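Q: coords please:
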Amino acid sequence: MKPLVAGRIHYRDPADQIVLSALVSPAPAERDFCAAIRKAAGRYAVCSSRLVPGENGALCFGDAAECSVPIEIRDGACDLQALLFEQRRIPFCAEDGEFFRFFLFRQPEATQLVVVSSHLAGDGISVVFLLRDVLHALAAPDADMPAQPMRLMEDFGYPKSSRPGLLNKLVLRKLNRMWRAEKRVFSRDEYLDMYRSYWQDRHRTLLTAELSGEELQRLIARCRGARVTLNSALCASLLGAFGTSDVGMAVSVRPSGFDGMGNFASGLSVHARYDEKQTFRRNARRVHRRIYRKLRRSRTKYRVLQSLQRIDPTLIDAIYFSMYAGFESGAARWAQDLFKYSPAARHLVSVTNLGRPDIPARYGPYTLDSVLFIPPLIATSETMLGALTVGGTLTLTMQFDEGRCPADCRRAFEAALCILRGD
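A: Residues are numbered from 1 along each chain as shown. Next up, the predicted model:
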């Protein structure tokens with residue numbers, strides 16, 4: 001039994017689904033594809049696990065009755081916007097061992113695989129590694145695929161230098177004292193009521209784009225010339241396109257060389273103003289310096305994770321019930337402000353860039369194409385950009401709630417693309 005700690009932030013989040021879509025060509029035989037999915041998913045311990053509630057709201061991963069690998073087969077091309085609308089209204093049940101849903105969309109020349117994942121199972125890069133394993137199993141069905149035991153963030157530990165400072169510790173202690181006077185454990189039924197209410201009148205829009213070939217190589221050359229990463233360029237383009245001075249950014253804290261399933265992500269804020277009188281190069285350099293000034297300090301890089309593991313886990317749940325179900329709590333309201341969940345504190349736009357992970361585009365006779373990563377639109381941001389580079393193509397996705405986001409997101413998305421392309 002392993003306690004759920006770093007991933008607790010996703011337990012009562014009504015918008016926790018991670019989606020990965022990929023086109024596989026030529027179209028594999030249906031039976032072979034299903035067998036490959038079951039073999040790849042079955043190697044990960046989380047697929048044979050479930051969440052077990054304990055006393056006072058504690059949660060642990062325990063053994064499930066069976067390995068859950070549901071696969072649904074549909075004909076024709078996938079309308080991702082419609083599929084997301086459908087799936088987001090169906091909550092995962094981690095207590096029953098449900099963490100993944102697989103969809104195969106059959107087409108004459110290719111098959112589109114869509115993986116819908118609960119964030120409790122792992123972060124975005126975990127789902128990318130799962131996709132890689134599916135393709136390996138498809139190309140070499142008789143090859144051994146060793147089991148992947150469950151290893152959580154707490155198994156690897158945190159750097160000593162990342163421990164919170166005295167002031168932060170005092171704030172978290174006071175927050176816990178406040179919560180003890182109000183504490184309650186929320187039931188599954190209460191969560192389902194909150195979940196349905198959250199999605200009742202939300203219409204989430206998905207925008208997509210890709211940069212490949214000369215276009216991507218030109219962007220990479222511009223980044224090299226400015227001595228910045230592609231991630232820094234993405235953040236700079238969002239600052240310029242949205243006219244904001246604050247971008248949220250997911251940060252990987254995954255141990256080097258570990259390609260297993262789990263949540264290994266922290267986050268930070270990038271504060272900078274895009275100066276239209278300056279070149280993209282200078283703007284990107286300024287953003288890059290500010291990002292790495294924070295990344296070089298373990299206390300900043302791990303702040304979110306170190307803080308969350310020090311507060312009562314049921315208070316993390318209460319944040320969502322306070323925001324979406326009318327739960328009255330002074331501690332929950334304070335926690336909203338502290339972790340940037342309140343409307344006044346949250347980011348206008350955030351980015352989750354998975355970079356260029358160790359996942360090839362070819363597997364024997366099969367080619368992986370049009371790989372789209374759609375991260376969850378978390379409550380700390382009004383808009384979310386997802387980025388992933390596979391096989392020489394950078395794909396971008398952007399999500400926002402129609403009528404709820406204060407920005408013109410379609411215009412901003414196009415403006416960000418223009419900045420990246422140098423138009």
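
Q: in the helix or strand where V304 lies, which residues are buried?
A: Element membership for V304, per DSSP states H and E: helix 303-308. Neighbour-count burial for helix 303-308, with 16 or more other CB atoms under 10 Å as criterion, is recorded at R303, V304, L305, Q306, S307, L308. Backbone N, C-alpha and C define where each C-beta goes, glycine included.

Q: identify the bridge partners of the nearest residue to the third one once chain neighbours are set aside.
A: Looking back up the chat, that one is L305. Closest residue to L305 apart from its sequence neighbours, by CB to CB, 6 or more residues apart in numbering: S266 at 5.0 Å. Beta-bridge pairing for S266 (DSSP bridges): V251.

Q: pLDDT score assigned to P406?
A: Listed pLDDT for P406 reads 87.

Q: what does the helix or strand following the helix holding V304 contact?
A: As assigned by DSSP H and E, the chain's next helix or strand after helix 303-308 is helix 313-324. Contacts to helix 313-324, defined as CB atoms under 8 Å, 6 or more residues apart in numbering, come from residues 4-5, 8-9, 11-14, 56-59, 175-176, 179, 183-186, 190, 194, 197-198, 308, 327-329, 331-333, 335-336, 339, 341, 379.

Q: ok, now how distant is the residue of the chain most remote from its centre from G240?
A: Relative to the mean C-alpha coordinate of the chain, counting by CA atoms, centre = their mean, the farthest residue is K277 (33.9 Å). From K277 across to G240, the span is 12 Å (CB to CB, to the nearest Å).

Q: one more: M398?
A: For M398 relative to G240 (CB to CB), the value is 15 Å.

Q: got it, and D189?
A: Using CB to CB, we find D189 at a distance of 46 Å from G240.

Q: with P3 instead?
A: Going from P3 to G240 by CB to CB gives 43 Å.

Q: count the residues that sit near S197.
A: Residues lying near S197 (other CB atoms under 10 Å) number 14.

Q: thought A325 was touching it, still the case?
A: Yes - if you go by CB atoms under 8 Å, S197 and A325 touch, sitting 6.8 Å apart.

Q: S269 is in what secondary structure piece?
A: Per DSSP H and E, S269 falls inside strand 265-271.

Q: what packs against that strand?
A: Where contact means 3 or more CB pairs under 8 Å, 6 or more residues apart in numbering; DSSP states H and E, strand 265-271 is packed against strand 246-252, helix 280-295, helix 298-301, helix 303-308.

Q: please spell out which residues along that strand are buried.
A: Buried residues in strand 265-271, defined by neighbour count with 16+ other CB under 10 Å: A265, S266, G267, L268, S269, V270.

Q: can you tell me the closest non-neighbouring residue to V185?
A: Nearest non-adjacent residue to V185, counting by CB to CB, 6+ apart: G57, 4.2 Å away.

Q: oh, I was asking about A415
A: Closest to A415 by CB to CB, 6+ apart is A241, at 3.8 Å.
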